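Visitor: Structure, please.
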Amino acid sequence: MGLLALAPVACLAGLALRGSGDLWPHLAAYVLPQALRDTLLLLVGVGVVASAIGVGAAWIVTAYRFPGRRLFDWALLLPLAMPTYIAAFAYLDLLHPIGPVQTTLRDLFGIVRPRDLWFPDIRSLGGCVFLLGVVLYPYVYLTTRALFLMQSANMLEAARTLGAGGVRAFARVALPLARPAIAVGVSLALMEALNDIGAAEFLGVRTLTVSIYATWVNRSSVEGAAQIALAMLAIVLALVWIERWARRRHGVAAAASAPRRA
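Guide: Just a heads-up that it's a prediction; the model follows:
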């Protein structure tokens, strides 16, 4: 089974070793630097957005009681049901200069021309970070929520009796215990963001995945595409290593009986 899993990687390496002729210097000088920069910035941004939303939402629905909590418990997973490129189309229609959001704002402030209203451009690296972050955060939410459910309320109550407030108890007790689950969820979200091509290309972000497609289709060079793919594979291996490094010496022990919920 291991050999079957390594077969595509071996095939990819074989294609890359065939060489791309005079195309590789062009790729190394003009394509890879921008693609690597945009990919790394995208991964960092998506990691921050997805972890902030996922961890915050998981803590709220597990540690607090409020009307509609059971609805949010499963509804927060719904973004995973929508492909990222469909979400990109929908957000662009909503936030376009002639879309409903900017049109309403211009009517409220009495602005006639669309160019006179400043509004963040969704077709940018920042827009792609926001879009992928709000679509992929359920990976972090799902893993972190499962670990928060395993945590006993006794630990948080002990922290409160020692003078820690609600925010400090979360930051000093609940959050460190959830680090393994957060690392797994963020890694899944980042691999999904790295794999995306539809939303990134539509929003004008030239990631490694988009560069692989463009090199293969537009330049008819499968060897050049394979060489870029090896660079992307190195990033995937780095993400796996970072995820394991973040979970080192951080085990989670649970009692045989169900813990008292926070």
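Visitor: what element comes up after the helix or strand containing Met191 heading to the C-terminus?
Guide: If you go by DSSP states H and E, Met191 is part of helix 179-195. Using DSSP H and E, the helix or strand that follows helix 179-195 in sequence is helix 198-202.
Visitor: Show me what that following helix is packed up against.
Guide: helix 84-95, helix 125-150, helix 208-217 (3 or more C-beta pairs under 8 Å, 6 or more residues apart in numbering; DSSP states H and E). For every residue, glycine as well, the C-beta is placed using N, CA and C.
Visitor: now do 6 Å
Guide: helix 84-95 (3 or more C-beta pairs under 6 Å, 6 or more residues apart in numbering; DSSP states H and E).
Visitor: what's the helix it packs on packed up against?
Guide: So helix 84-95, by 3+ C-beta pairs under 6 Å, 6+ apart, packs with helix 125-150, helix 198-202.
Visitor: Would you mind saying which of these lies nearest Arg115?
Guide: For the helices and strands packed on helix 84-95, proximity to Arg115 was assessed by C-beta to C-beta; helix 125-150 is nearest, at 18.1 Å.
Visitor: about what we covered before: would you point to the one among the helices and strands packed on helix 84-95 that's packed deepest?
Guide: With neighbours taken as mean count of other C-beta atoms under 10 Å, the helices and strands packed on helix 84-95 reach their highest mean count in helix 125-150, at a mean of 23.
Visitor: quick one, that one and helix 84-95 angle?
Guide: 120 degrees (axes from the mean of the first three to the mean of the last three C-alpha atoms, to 10 degrees).
Visitor: and helix 125-150, average pLDDT?
Guide: Predicted confidence along helix 125-150 averages 92 (mean pLDDT).
Visitor: Tell me which other helices or strands it touches.
Guide: By 3+ C-beta pairs under 6 Å, 6+ apart, helix 125-150 packs against helix 32-63, helix 84-95, helix 179-195.
Visitor: returning to what we had before: model confidence over the helix holding Met191, on average?
Guide: 91.
Visitor: ok so, going back, looking at the helices and strands packed on helix 84-95, which is closest to Trp245?
Guide: helix 125-150 (17.0 Å).
Visitor: Between helix 179-195 and that closest one, find me the angle.
Guide: Using the same axes, to 10 degrees: helix 125-150 against helix 179-195 is 150 degrees.
Visitor: Off-centre distance for helix 125-150?
Guide: 7 Å (C-alpha atoms, centre = their mean, to the nearest Å).
Visitor: How about stretch 87-107?
Guide: Counting by C-alpha atoms, centre = their mean, stretch 87-107 comes out at 24 Å from the chain centroid.
Visitor: what's the span of it from first residue to last?
Guide: Using C-alpha to C-alpha, to the nearest Å, one end of stretch 87-107 lies 26 Å from the other.
Visitor: Tell me the buried residues in it?
Guide: 87-88, 91-92, 95-96, 99, 102, 106 (16 or more other C-beta atoms under 10 Å).
Visitor: pLDDT and distance to Leu149 added to these, as JSON lines?
Guide: Supplementary listing: the buried residues of stretch 87-107 in JSON lines, determined by pLDDT from 0 to 100; distance: C-beta to C-beta, whole Å:
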{"residue": "Ala87", "pLDDT": "92", "distance to Leu149": "28"}
{"residue": "Ala88", "pLDDT": "92", "distance to Leu149": "33"}
{"residue": "Tyr91", "pLDDT": "90", "distance to Leu149": "32"}
{"residue": "Leu92", "pLDDT": "89", "distance to Leu149": "37"}
{"residue": "Leu95", "pLDDT": "88", "distance to Leu149": "36"}
{"residue": "His96", "pLDDT": "85", "distance to Leu149": "41"}
{"residue": "Gly99", "pLDDT": "86", "distance to Leu149": "40"}
{"residue": "Gln102", "pLDDT": "90", "distance to Leu149": "41"}
{"residue": "Arg106", "pLDDT": "90", "distance to Leu149": "46"}
